[in-house]
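> Need a 3D model of the sequence below.
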Amino acid sequence: MSSPDREHILEEEVLIVRHSGELPEVVFHSSLTYLCEDPEGPRLQLTPVELQVLQQAARERYIEIVCRDLDPGNRDLSIFRGMQRAFVNWQRFVRFCERMCTDAHPYADKVAACLTCFLRQELEDVTSGKRISSLNCSLETLIAFAHLLGLDPEDLPTGWQRLAEHADDNLSDITDCRKEYI
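Below is the predicted model of the structure:
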């Protein structure tokens with residue numbers, strides 16, 4: 001296979017992984033299968049650099065998803081999944097990095113800044129009566145998320161605990177809603 005063809009195929013796969021849906025690791029592995037093993041694929045032997053480029057695309061997508069769900073500007077949009085999903089996706093990201101023998105830590109500061117910004121804006125909006133809380137996780141989950149990001153509860157905006165009171169109401173509403181469909 002000529003070098004330009006190979007580069008084009010890899011560029012397309014990187015774009016697919018980078019702009020994948022909610023599970024970048026699944027798309028990453030699908031791309032690897034297509035590129036290397038699929039009888040209808042190009043059957044490439046990826047270089048370490050090519051593999052790293054695909055891994056980086058998956059890491060970038062994970063961080064984009066986590067930060068999307070910590071962006072207060074997204075709270076009223078259908079793409080918003082909230083704090084609980086951001087926490088779950090951060091855990092998935094960390095496990096992905098471990099499996100790929102890369103370090104998730106360099107991304108923690110960015111996500112920690114997003115978490116802090118979200119809580120600050122949420123607290124301001126809820127306490128001023130502009131909106132009800134969109135925090136959709138328990139106090140324990142929020143603290144666990146902060147810890148995974150290297151934050152102590154004292155590092156979070158003053159008064160953030162008040163949001164957890166509202167979150168308990170939101171969580172019981174979600175649970176009640178789910179009971180109707182069981």
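> same question for the biggest helix by length in the chain, mean pLDDT?
As assigned by DSSP state H, the longest helix anywhere in the chain is helix 105-127. Regarding helix 105-127, the rounded mean pLDDT is 97.
> list the helices and strands it packs on?
Applying 3 or more CB pairs under 8 Å, 6 or more residues apart in numbering; DSSP states H and E, we find helix 105-127 packed against helix 48-68, helix 82-99, helix 139-148, helix 161-181. For every residue, glycine as well, the C-beta is placed using N, CA and C.
> what's the shortest one in contact with?
The reference is to helix 139-148. Helix 139-148 has contacts (CB atoms under 8 Å, 6 or more residues apart in numbering) with 83-84, 86-87, 90-91, 94, 108, 112, 115, 135, 137, 152-153, 155-156, 160-161, 164, 167.
> if we can go back for a sec, Throw the helices and strands packed on helix 105-127 into CSV and include distance to E22 and mean pLDDT, thanks.
Shown next, in CSV, are the helices and strands packed on helix 105-127 (distance: least, CB to CB, whole Å; pLDDT from 0 to 100):
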stretch, distance to E22, mean pLDDT
helix 48-68, 6, 97
helix 82-99, 8, 97
helix 139-148, 18, 95
helix 161-181, 19, 53
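> Output those helices as CSV; include the columns distance to H19 and mean neighbour count.
Shown next, in CSV, are the helices and strands packed on helix 105-127 (distance: least, CB to CB, whole Å; neighbours: other CB atoms under 10 Å):
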stretch, distance to H19, mean neighbour count
helix 48-68, 7, 19
helix 82-99, 16, 18
helix 139-148, 25, 17
helix 161-181, 29, 13
